[in-house]
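S.K.: Prediction below, plus the sequence it came from.
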Amino acid sequence: MDIKRKEELFEQAKQWILEAGSHIRDHIDAPRSIQTKSNPNDLVTEMDQKTEQFFADKIRSSYPDHLLLGEEGFGDSLEDLKGTVWIVDPIDGTMNFVHQKRNFAISIGIYEDGVGEIGFIYNVMEDVLYSVKRGQGVFKNEKQLPNLNDSRPLKESILTLNTTWLIPENPHVEHESIQELVKTIRSTRSYGSAALEFAFVAEGIVDGYLTMSLMPWDYAAGAIMVEEVGGTVTRADKGELDLLNSTTVLACRSNIYDEIIDDYVQLKTKESDR
């Protein structure tokens with residue numbers, strides 16, 4: 001993607017994401033229509049749907065040759081990532097949105113032929129915008145973030161992970177190995193928004209994020225950011241991320257990456273069998 005075109009797309013996407021966030025803030029206390037999707041804890045609201053529809057309308061009217069991959073059904077049916085693809089999560093952390101009215105984000109990743117070029121993660125209620133243009137750094141609002149510190153060992157690290165992976169009944173990973181990981185590191189956190197957890201890894205306020213199940217819109221923007229500041233992002237078996245399907249993900253400082261996967265991640269099933 002040439003510099004001029006990247007800058008144009010960046011500024012347009014930034015305008016839209018701030019506009020969408022402002023609308024959500026203005027209506028944060030409005031009555032909610034809440035439904036469930038894959039399970040009783042997989043929530044969706046009319047605000048999720050309206051926000052994705054907002055982006056779909058804007059993208060299709062301004063860039064009719066671009067494609068959209070989105071969570072709430074307003075996107076295109078994709079078999080590959082050829083061309084320019086916007087990967088959008090209108091509200092990442094819907095449960096937080098419903099129950100807490102905070103700790104959720106809008107996430108947009110713009111990919112060109114499968115390569116992440118532009119990313120935004122907008123912490124709506126805090127009015128904090130993380131942004132990235134590949135090769136030009138990651139910014140928190142107007143301040144550029146430094147590259148990640150690779151001198152801190154795993155035992156002094158803080159990781160974000162869901163406690164689901166500590167339960168024997170979880171279908172993806174051997175829980176004993178994750179328990180040993182938790183015992184080894186300094187502490188854990190769980191924020192309830194994958195997009196924000198990626199942003200916090202990129203910012204360096206946590207050292208890594210490990211999960212056994214994410215969809216592309218959950219990490220499309222965040223993966224660009226973490227890699228831009230020198231981190232490593234792959235599947236939990238060290239394979240490349242699949243931006244068209246659910247996948248395991250480890251995003252972390254590069255110096256703790258091998259140790260986490262080699263010593264503490266024992267998957268129950270192969271990625272190809274998921």
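M.R.: Happy to help now that I have it.
S.K.: Any stretches of this protein with poor pLDDT?
M.R.: 272-274 (pLDDT under 70).
S.K.: residue closest to the middle of it?
M.R.: Against the mean C-alpha coordinate of the chain, by CA atoms, centre = their mean, the closest residue is residue 219 at 2.8 Å.
S.K.: May I have the residues that are in contact with it?
M.R.: By CB atoms under 8 Å, 6 or more residues apart in numbering, residue 219 lies in contact with 194, 195, 198, 233, 241, 249, 251. (Each C-beta comes from the backbone N, C-alpha and C, glycine too.)
S.K.: CSV for those, including distance to residue 66 and secondary structure?
M.R.: Shown next, in CSV, are those (distance: CB to CB, whole Å; DSSP: H, G, I helix; E, B strand; the rest coil):
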residue, distance to residue 66, secondary structure
194, 24, helix
195, 21, helix
198, 23, helix
233, 24, strand
241, 21, coil
249, 25, strand
251, 26, strand
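S.K.: Most neighbours among those, which one?
M.R.: In terms of neighbours by other CB atoms under 10 Å, these top out with residue 198 at 33 neighbours.
S.K.: Which residue comes closest to it once chain neighbours are left out?
M.R.: residue 222 (2.4 Å; CB to CB, 6 or more residues apart in numbering).
S.K.: Am I right that the one you found is in contact with residue 193?
M.R.: No: counting by CB atoms under 8 Å, residue 222 stays clear of residue 193, with 10.1 Å between them.
S.K.: more crowded one of these two?
M.R.: The neighbour comparison of residue 222 against residue 193 (other CB under 10 Å) goes to residue 222, with 32 against 27.
S.K.: Is the residue of the chain most remote from its centre part of a helix or strand, or is it coil?
M.R.: Going by CA atoms, centre = their mean, the residue of the chain most distant from its centre is residue 31, 27.1 Å out. Following DSSP: H, G, I helix; E, B strand; the rest coil, we place residue 31 in the coil state.
S.K.: Which strand residues bridge residue 267?
M.R.: On the basis of DSSP bridges, residue 267 is bridged to residue 173.
S.K.: residues near it, how many?
M.R.: Applying other CB under 10 Å, we find 18 residues neighbouring residue 267.
S.K.: My guess is it contacts residue 238. True?
M.R.: No: contact criterion CB under 8 Å: residue 267 and residue 238 do not qualify, at 10.9 Å.
S.K.: Torsion angles phi and psi at the residue farthest from the centre of the chain?
M.R.: Torsion angles at residue 31 (phi, psi; degrees, to the nearest 10) stand at phi -60, psi 140.
S.K.: and if you look at residue 108?
M.R.: Per-residue torsions, residue 108: phi -130, psi 120 (degrees, to the nearest 10).
S.K.: Which residues are in contact with it?
M.R.: 13, 17, 55, 86, 87, 88, 89, 118, 119, 120, 220, 221.
S.K.: rerun at 7 Å
M.R.: 13, 17, 86, 88, 119, 120, 221 (CB atoms under 7 Å, 6 or more residues apart in numbering).
S.K.: Mind checking which of those are in helices?
M.R.: Within the contacts of residue 108, residues falling in helices by DSSP state H are 13, 17, 221.
S.K.: Would you reformat these as CSV and include distance to residue 109 and neighbour count?
M.R.: Shown next, in CSV, are the ones in helices among the contacts of residue 108 (distance: CB to CB, whole Å; neighbours: other CB atoms under 10 Å):
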residue, distance to residue 109, neighbour count
13, 10, 22
17, 12, 24
221, 4, 32
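S.K.: coming back round to it: can you name the two of the contacts of residue 219 that are farthest apart?
M.R.: 195 and 241 (14.8 Å; CB to CB).
S.K.: mind listing what's buried in stretch 67-76?
M.R.: Under the neighbour-count criterion of 16 or more other CB atoms under 10 Å, stretch 67-76 has 67, 68, 69, 70, 71, 72, 74, 75 buried.
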